[in-house]
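J.: Quick one, fold the following:
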Amino acid sequence: MYGCGGLLALLLIIIATVGITIWWIQRPIKPVVLNPKEQTVVDAKLRELEDTRLPAPTPLPVNPPPQDRPYVPGAKTITLTERELNGLLNQNTDLGKSVRIEFARNAINAYLAVLIPEDVPIMGGKMFRARGRFSVSIGNGGKPYVILEDVTVFGISLPKAWLGGLKGENLLGDAVGHGNKGPILQGIKNLRVEPGALQLELAD
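T.: As a prediction, this is how the structure comes out:
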């Protein structure tokens, strides 16, 4: 009797574990929605980068006063928090429902959850879940790099051979071109990724 009871308890634990695992795999990503105060802050940051319009012309007086016209350069540094970036993804591209970004120390974690079409023979209608980690470093005299550390699909960490040899390689040089001598990389003085925030500093 005790043996049957133990076997039944073990069976219930296995069923519960399978059920929880299926629920965990199928859960969607909750999009980040910025509140009005957060939206105002991130809009101000973006305006500093986008405000390249010329000032409206003003009529000159016949005898203009001999005064200096000050010039205020734009910002060289922008800081985006993890929540702000995910909020922008959800607001502007609707990717917030399937993609989530996390900032770690010198690294970026990316999470993906998309629904597999119903007509796909294998796992049709199920949620495809994957995550990846990238090491990031630019500036401070070091060589810039973005290295793919890992891609995990359905809880399985994929080997390098399955990823076309990209795992462990510097993706930045191939994506931008000319290695660290390209104009885009030369224009970046420093890029820091810290837990919860990313800071980009442009060169002069």
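
J.: would you list every one of the strands in the chain?
T.: Using DSSP state E, the strands assigned to the chain run over residues 77-81, 99-104, 107-115, 127-139, 142-153, 156-157, 188-194, 197-202.

J.: Let me see the mean pLDDT of the first one.
T.: Translated: strand 77-81. Taken as a whole, strand 77-81 carries a mean pLDDT of 85.

J.: Ok, the longest one next?
T.: Computed over strand 127-139, the mean pLDDT rounds to 84.

J.: what lines up beside that strand in the sheet?
T.: Partners of strand 127-139 in the sheet, by DSSP bridges, are strand 107-115 (antiparallel), strand 142-153 (antiparallel), strand 188-194 (antiparallel).

J.: Below-threshold pLDDT in the chain: ranges please.
T.: Scanning the chain for pLDDT under 70 picks out 1-28, 49-66, 139-143, 173-186.

J.: so where do the helices sit in it?
T.: Along the chain, counting by DSSP state H, helices occupy 2-26, 36-50, 82-88, 171-176, 183-186.

J.: For residue 172, which of the strands of the chain is the nearest?
T.: strand 142-153 (4.2 Å; Cβ to Cβ). Just so you know, the C-beta spots here come from the backbone N, C-alpha and C atoms, and that holds for glycine as well.

J.: ok so, going back, dump the strands paired with strand 127-139 into JSON lines; add mean neighbour count as well.
T.: Output for those, formatted as JSON lines (neighbours: other Cβ atoms under 10 Å):
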{"stretch": "strand 107-115", "mean neighbour count": "16"}
{"stretch": "strand 142-153", "mean neighbour count": "16"}
{"stretch": "strand 188-194", "mean neighbour count": "17"}
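
J.: so which of those strands comes closest to residue 163?
T.: Nearest to residue 163, of the strands paired with strand 127-139 and by Cβ to Cβ, is strand 142-153 at 6.0 Å.

J.: Mind putting the strands paired with strand 127-139 into JSON lines with distance to residue 30?
T.: Rendered in JSON lines, the data for these read as follows (distance: least, Cβ to Cβ, whole Å):
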{"stretch": "strand 107-115", "distance to residue 30": "10"}
{"stretch": "strand 142-153", "distance to residue 30": "20"}
{"stretch": "strand 188-194", "distance to residue 30": "23"}
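
J.: Identify whichever of the ones you listed lies nearest to residue 125.
T.: Using Cβ to Cβ as the measure, strand 107-115 is the one of those that comes nearest residue 125, at 7.2 Å.

J.: okay, the angle between that closest one and strand 197-202?
T.: Orientation check (axes from the mean of the first three to the mean of the last three Cα atoms, to 10 degrees): strand 107-115 against strand 197-202 gives 120 degrees.

J.: which residues touch strand 107-115?
T.: 27-29, 98-103, 125-136, 149, 193, 198 (Cβ atoms under 8 Å, 6 or more residues apart in numbering).

J.: Surely residue 97 touches residue 33?
T.: No - in this structure residue 97 lies outside contact range of residue 33 using Cβ atoms under 8 Å: 10.8 Å.
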